[in-house]
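Visitor: coordinates only, no sequence provided:
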DNA sequence: TCTGGGGTCCTAGGACCC
DNA sequence: TCTGGGGTCCTAGGACCC
């Protein structure tokens, strides 16, 4: 086979202002005459419960310099007539799935990079699709006409360049970024536009007199490595368009960890109350774990205090577990080990070092009713799946005023790979 | 003034072993 | 008075992504 050196053909599809577009398209389908995309509008969390940040913005909102992630308070200062819509995550998942259904008509080689970004591999399909640009336009237009929202598509022969390409022109656009176009299209951009150059790296690069992606590409990679370790080599390669990872179908097996966290609507000062919130998170983590038939070998908790200081504690387990009660026992113990008594704003629970739950290893000293615990967890999961998560709640939550289950991503989870693309 | 939630990967230091 | 050098595992924290 000589196909090793064969050029690949990769596309990256990015939904323009995803949450906002999906909300707008949905409302239009419901008969609304107002298109949120035409006015200054954002998707934003609930300020009351301390979730008040911008999750997505319309193009008119962007003209007011409103940024994703900034507080709604600050956004409204920039634009007092700003329309704020709460998020509807189930809708986003449905829109994302509908898009995947369309893409499946073109190729099975789809990698769902996030809820609103996909990579497609069209390598060796020139017989079916002789013209990549024409193909991209037909995909883009079909999504627009059938689903009512626009996407931007980048075309190249690796994932990094395809992704950078889809960013070049927005919205509703198709852009190529082949290797011979890098110097013209990518190198003049500010270095912070490069994938994996974030808040912390950009100032370090500026200090080295690196301001554009081209500056980075031309820089001495050894010096970069000495200053930024392995990350320096990664971004130097990206700046030069070097990247060769596969478009790979997401697989439950390669999920590395499952975690949920919550910002509480008030500051928690009571240890027992914190334990209860951890329990509500363990309910979700445990349910997700069992749903994909995994056990974890490590439990970690995270705490964010009222003054936004974050810290965490983790413990490697002696044997894998998947029971809500056991995860909680570890989580509560970890909390007690590190909590300094200050008011707590946010709590998180994460289960990682996953393995299959097929053969659960138990120690001699483990409780003998492990099967009973499993049966109970599984029964509760089934009832909740059928009648909703509120169908069974623990008695300890009854008069607590706290939510008995906390955290998102129940059914159709989509793993996100970041630095590996 | 107010600041989400879901992930992955890397690094550095200490413990421990041979 | 002088105190190695690897390797692996564990933990905490930080950086990045959408």
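Guide: That came in fine, so what should we check first? Just so we're clear, the structure is a prediction, and the values are computed from it rather than from any experiment.

Visitor: all contacts plus neighbour counts: C-alpha atoms, from now on.
Guide: Noted.

Visitor: so which residues of the stretch 1-150 of chain A form strands?
Guide: A:10-15, A:41-44, A:54-57, A:83-85, A:110-114, A:117-121 (DSSP state E, counting those that start in this stretch).

Visitor: tabulate these (a markdown table), appending distance to DNA strand B.
Guide: Output for the strands of the stretch 1-150 of chain A, formatted as a markdown table (distance: least, Cα to the nearest atom of the strand, whole Å):
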| stretch | distance to DNA strand B |
| --- | --- |
| strand A:10-15 | 15 |
| strand A:41-44 | 9 |
| strand A:54-57 | 6 |
| strand A:83-85 | 14 |
| strand A:110-114 | 8 |
| strand A:117-121 | 12 |
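
Visitor: so which of these gets nearest DNA strand C?
Guide: Of all the strands of the stretch 1-150 of chain A, it is strand A:110-114 that lies closest to DNA strand C, at 4.8 Å by Cα to the nearest atom of the strand.

Visitor: is the closest one positioned near DNA strand C?
Guide: Yes. Applying Cα under 7 Å from any atom of the strand, one finds strand A:110-114 touching DNA strand C at A:113, A:114.

Visitor: save the strands of the stretch 1-150 of chain A as TSV, and put in distance to residue A:21, mean pLDDT and mean neighbour count too.
Guide: Shown next, in TSV, are the strands of the stretch 1-150 of chain A (distance: least, Cα to Cα, whole Å; pLDDT from 0 to 100; neighbours: other Cα atoms under 10 Å):
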stretch	distance to residue A:21	mean pLDDT	mean neighbour count
strand A:10-15	8	98	27
strand A:41-44	10	98	26
strand A:54-57	9	97	24
strand A:83-85	12	97	18
strand A:110-114	16	95	21
strand A:117-121	14	98	23
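
Visitor: between these, which one is closest to residue A:257.
Guide: strand A:110-114 (16.1 Å; Cα to Cα).

Visitor: who in the stretch 101-250 of chain A is up against DNA strand B?
Guide: Checking the stretch 101-250 of chain A against DNA strand B by Cα under 7 Å from any atom of the strand, the hits are A:229, A:230, A:231.

Visitor: most surrounded residue in the residues you listed?
Guide: Tallying neighbours with other Cα atoms under 10 Å puts residue A:231 at the head of these, with 16 neighbours.

Visitor: give the buried residues for the helix or strand of chain A with the lowest mean pLDDT.
Guide: Lowest by mean pLDDT, DSSP states H and E among the helices and strands of chain A is helix A:370-387, with a mean of 82. Buried residues in helix A:370-387, counting neighbours by 16 or more other Cα atoms under 10 Å, are found at A:373, A:374, A:377, A:378, A:380, A:381, A:384.

Visitor: and those residues, which two are furthest apart?
Guide: Across the buried residues of helix A:370-387 (Cα to Cα), the longest gap, 16.6 Å, separates A:373 and A:384.

Visitor: how close does residue A:240 get to residue A:214?
Guide: 8 Å (Cα to Cα, to the nearest Å).

Visitor: tell me, what's touching these two both at once?
Guide: When Cα atoms under 8 Å, 6 or more residues apart in numbering defines a contact, no residue borders residue A:240 and residue A:214 alike.

Visitor: now the closest residue to residue A:225 other than its chain neighbours: phi and psi?
Guide: Leaving aside its sequence neighbours, residue A:225 sits nearest to residue A:232 (Cα to Cα, 6 or more residues apart in numbering; 5.0 Å). Backbone geometry at residue A:232, expressed as degrees, to the nearest 10, gives phi -60, psi -40.

Visitor: wait, residue A:232 sits on residue A:224?
Guide: Yes. With contact defined as Cα atoms under 8 Å, residue A:232 counts as touching residue A:224 (5.2 Å).

Visitor: pull the distance from stretch A:268-278 to the chain's centre.
Guide: 27 Å (Cα atoms, centre = their mean, to the nearest Å).

Visitor: touching DNA strand B at all, it?
Guide: No. For stretch A:268-278, no contact with DNA strand B is found by Cα under 7 Å from any atom of the strand; the gap never falls below 11.6 Å.

Visitor: what residues does that stretch touch?
Guide: Under Cα under 8 Å, 6+ apart, the answer for stretch A:268-278 is A:328, A:331-332, A:335-336, A:341-345, A:347-349, A:396-397, A:402-404, A:406.

Visitor: if I look at residue A:231, how far off is residue A:222?
Guide: 12 Å.

Visitor: quick one, helices of chain A?
Guide: Taking DSSP state H, the helices of chain A run over residues A:18-29, A:59-62, A:72-78, A:89-103, A:132-147, A:159-168, A:182-185, A:201-207, A:213-218, A:221-239, A:271-291, A:324-338, A:370-387.

Visitor: do you know which of these lies nearest residue A:12?
Guide: Judging the helices of chain A by Cα to Cα, what sits closest to residue A:12 is helix A:159-168, at 5.2 Å.

Visitor: buried set for the closest one?
Guide: A:159, A:160, A:161, A:162, A:163, A:164, A:165, A:166, A:167, A:168.

Visitor: is it true that the third one touches residue A:240?
Guide: No. Contact status for residue A:161 versus residue A:240: not in contact, 9.7 Å apart, counting by Cα under 8 Å.

Visitor: what's near enough to touch the residue nearest to residue A:225?
Guide: Per Cα under 8 Å, 6+ apart, neighbours of residue A:232: A:221, A:224, A:225.

Visitor: so the first one makes contact with residue A:234?
Guide: No. Under the criterion of Cα under 8 Å, residue A:221 is not in contact with residue A:234, lying 9.9 Å apart.

Visitor: if we can go back for a sec, could you dump the contacts of residue A:232 to CSV with pLDDT and neighbour count?
Guide: As requested, the contacts of residue A:232 are arranged in CSV below (pLDDT from 0 to 100; neighbours: other Cα atoms under 10 Å):
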residue, pLDDT, neighbour count
A:221, 96, 17
A:224, 96, 19
A:225, 95, 15
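
Visitor: any idea which of those residues is closest to residue A:208?
Guide: Using Cα to Cα, the contacts of residue A:232 come closest to residue A:208 at residue A:224, 9.1 Å.
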